[in-house]
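# Please find the sequence and the predicted model below.
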Amino acid sequence: MIPNEKQILRTAARRALAAFTERKAASEKISHRLVESAIWQESRVIYAYHPLPSEPDWQSAAIAGEHVIAFPRIDGDRMEFLIPRGFTLGGLGIQEPSDGNIAPPPDLILVPGMAFDPTGGRLGRGKGHYDRWLVGHPNVPRLGLCFECQIFDAIPREDHDLKVDSVVTEMRGP
């Protein structure tokens, strides 16, 4: 029953995103909240992601400070983080490092999602890459990034679904 509930919620999140017209302004607020957060300021190595057009563009935050920003590359079911020298469109339609060095262990990971709830419940896109990576790295602080329209009362969770520690939107911070 939960997979069906997740599909229904993904559809609701897509509709909310399609109706959301303030992406640029909201992205700037999210980026600002991120940069001002203690966890960002205290982190040196940050595992991040290249946002899709429907996701908050947090990347102006990367300019602020002396951080090492690493991006994921997907290889089958495996996800590794690289300090990129360039980007290419990956198999899932997401910009990935075309090459680069393996990143040192992270102080923080930014986690994308289709939807989140106020307790850190996360609904991904359904492939499980982040859940598999997070299971092997339980002590890395996790920040979910999304627009406020992607916050739902509750996210249906299965045993393999992991939460984030906090969610950053244009209206809330970590």
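Nice, I can see it. Numbers count the residues shown, from 1 in each chain.
# Adjacent strands (with direction) for the top strand by length along the chain?
Of all segments of type strand in the chain, defined using DSSP state E, the longest is strand 78-89. Note on strand 78-89: by DSSP bridges, its sheet partners are strand 68-75 (antiparallel), strand 95-102 (antiparallel).
# any idea which of the ones you listed is most buried?
Comparing the strands paired with strand 78-89 by mean neighbour count (mean count of other C-beta atoms under 10 Å), strand 68-75 comes out on top with a mean of 18. For glycine as for every other residue, the C-beta is placed from the backbone atoms N, C-alpha and C.
# residues touching the residue nearest to Pro105 when sequence neighbours are not counted, list them.
Once flanking residues are discounted, Pro105 sits nearest to Val45: 6.7 Å by C-beta to C-beta, 6 or more residues apart in numbering. By C-beta atoms under 8 Å, 6 or more residues apart in numbering, Val45 lies in contact with 67-68, 70, 103-108.
# TSV for these, including pLDDT?
Shown next, in TSV, are these (pLDDT from 0 to 100):
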residue	pLDDT
His67	89
Val68	92
Ala70	93
Ala103	94
Pro104	96
Pro105	96
Pro106	97
Asp107	96
Leu108	96
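# what's the closest of these to Leu52?
Ala70 (18.1 Å; C-beta to C-beta).
# Name the nearest residue to that closest one, sequence neighbours excluded.
Using C-beta to C-beta, 6+ apart and skipping the chain neighbours, the partner closest in space to Ala70 is Ala103 (3.4 Å).
# Hmm, the one you found is touching Val68, no?
Yes. Using C-beta atoms under 8 Å, Ala103 makes contact with Val68 at a distance of 6.8 Å.
# intersection of neighbour lists for the two?
45, 83.
# circling back: would you list the strands paired with strand 78-89 in JSON lines and tack on distance to Glu22?
JSON lines is the format used below for the strands paired with strand 78-89 (distance: least, C-beta to C-beta, whole Å):
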{"stretch": "strand 68-75", "distance to Glu22": "25"}
{"stretch": "strand 95-102", "distance to Glu22": "23"}
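# which stretch among those comes nearest Ala115?
Here strand 68-75 is closest among the strands paired with strand 78-89 (C-beta to C-beta), at 19.9 Å.
# Tabulate the CA atom coordinates of the closest one in CSV.
Output of strand 68-75 as CSV, limited to C-alpha atoms (Å, rounded to 0.1, in the frame of the first residue of the first chain):
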residue,chain,number,x,y,z
VAL,A,68,34.8,21.9,-0.7
ILE,A,69,31.6,21.1,-2.7
ALA,A,70,31.2,17.6,-4.0
PHE,A,71,28.5,16.3,-6.4
PRO,A,72,27.1,12.8,-6.9
ARG,A,73,27.8,10.5,-9.8
ILE,A,74,25.5,7.5,-10.2
ASP,A,75,26.9,4.1,-11.3
